[in-house]
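**Q** everything below, folded, please.
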Amino acid sequence: MNKKALLEAALFVSDKPLSLEMLSSIVDAPLDEVESLLKDLKLELEKDDRGIELAQTPNGFELRIKSKYRDKVAKIAPLADLSDGVMRTLGIIVMKQPVKQSLIVKYQGNKAYGYIKNLEERGLIKTEKAGKTKICTTTPEFEKYFGKSADEIKKYLEKSLEKKV
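**A** Numbers count the residues shown, from 1 in each chain. Next up, the predicted model:
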């Protein structure tokens, strides 16, 4: 069995980043071999004729659309890998950052804790302890993921909200 192909398949089907250890168990190979396979896969995907890239997040590795193609394909599966609840949480963070986790929970209920954890695992936001709560902000990875700055996205969201009112 081709280990690199298996690695690519695992990354393709996963809805969250996969750790080096998880990938090692999937392809049944030592960590250093998996690292080498990831390096090879990353180099292959960096070619101009490829539409996806291998990204490393704080919680592992994932395949995603290259930013230069996101706008063109977003209409087909707009943010299919992020649930509505996660997207609402991210929207609140973008609009109000830095924002207290307690405020997000007030808006969305206890499910927000899971949404925030998901976003943090993906590297799209970071949290910092502030007393009994946390402060949430977007990260540079957020901007890479969406291919736009947080300010651009905030302005877009503000315009969208104005149209609805």
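**Q** residue contacts, residue 135?
**A** 98, 99, 100, 101, 127, 128 (C-beta atoms under 8 Å, 6 or more residues apart in numbering). Where you see a C-beta, it was placed from the backbone N, CA and C, and this is true even at glycine.
**Q** now stretch 95-114: buried residues?
**A** Within stretch 95-114, the residues scored as buried using 16 or more other C-beta atoms under 10 Å are 99, 100, 101, 104, 105, 108, 112.
**Q** from those residues, which land in strands?
**A** Here DSSP state E is the test, and those give 99, 100 as lying in strands.
**Q** reformat the buried residues of stretch 95-114 as a markdown table; add distance to residue 142 and pLDDT.
**A** Formatted as a markdown table, the buried residues of stretch 95-114 follow (distance: C-beta to C-beta, whole Å; pLDDT from 0 to 100):
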| residue | distance to residue 142 | pLDDT |
| --- | --- | --- |
| 99 | 14 | 94 |
| 100 | 18 | 95 |
| 101 | 17 | 95 |
| 104 | 15 | 94 |
| 105 | 20 | 94 |
| 108 | 19 | 91 |
| 112 | 17 | 93 |
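**Q** what is the most widely separated pair among the buried residues of stretch 95-114?
**A** The distance between the two most remote of the buried residues of stretch 95-114 (C-beta to C-beta) is 12.9 Å, for 100 and 108.
**Q** what's next to the lowest-mean-pLDDT helix or strand in the chain, contact-wise?
**A** Of all helical and strand segments in the chain, the minimum by mean pLDDT, DSSP states H and E falls on helix 67-73, at a mean of 75. Applying C-beta under 8 Å, 6+ apart, the contact partners of helix 67-73 are 51, 65, 144, 145, 146, 147.
**Q** neighbour-wise, which one of those leads?
**A** residue 145 (23 neighbours; other C-beta atoms under 10 Å).
**Q** element containing that one, please.
**A** Using DSSP states H and E, residue 145 maps to helix 140-146.
**Q** what's the next secondary structure element after that helix?
**A** Immediately after helix 140-146, counting by DSSP H and E, sits helix 150-164.
**Q** please report how far the closest residue to residue 27 other than its chain neighbours lies from residue 37.
**A** Ranked by C-beta to C-beta, 6 or more residues apart in numbering and with sequence neighbours excluded, the top spatial neighbour of residue 27 is residue 3, at 4.6 Å. The gap separating residue 3 from residue 37 is 6 Å, by C-beta to C-beta, to the nearest Å.
**Q** overlap of the contact sets of the two?
**A** Overlap of the contact sets of residue 3 and residue 37 (by C-beta under 8 Å, 6+ apart) consists of 27, 29.
**Q** re earlier: Throw the buried residues of stretch 95-114 into CSV and include distance to residue 21, thanks.
**A** Shown next, in CSV, are the buried residues of stretch 95-114 (distance: C-beta to C-beta, whole Å):
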residue, distance to residue 21
99, 33
100, 33
101, 28
104, 31
105, 31
108, 32
112, 29
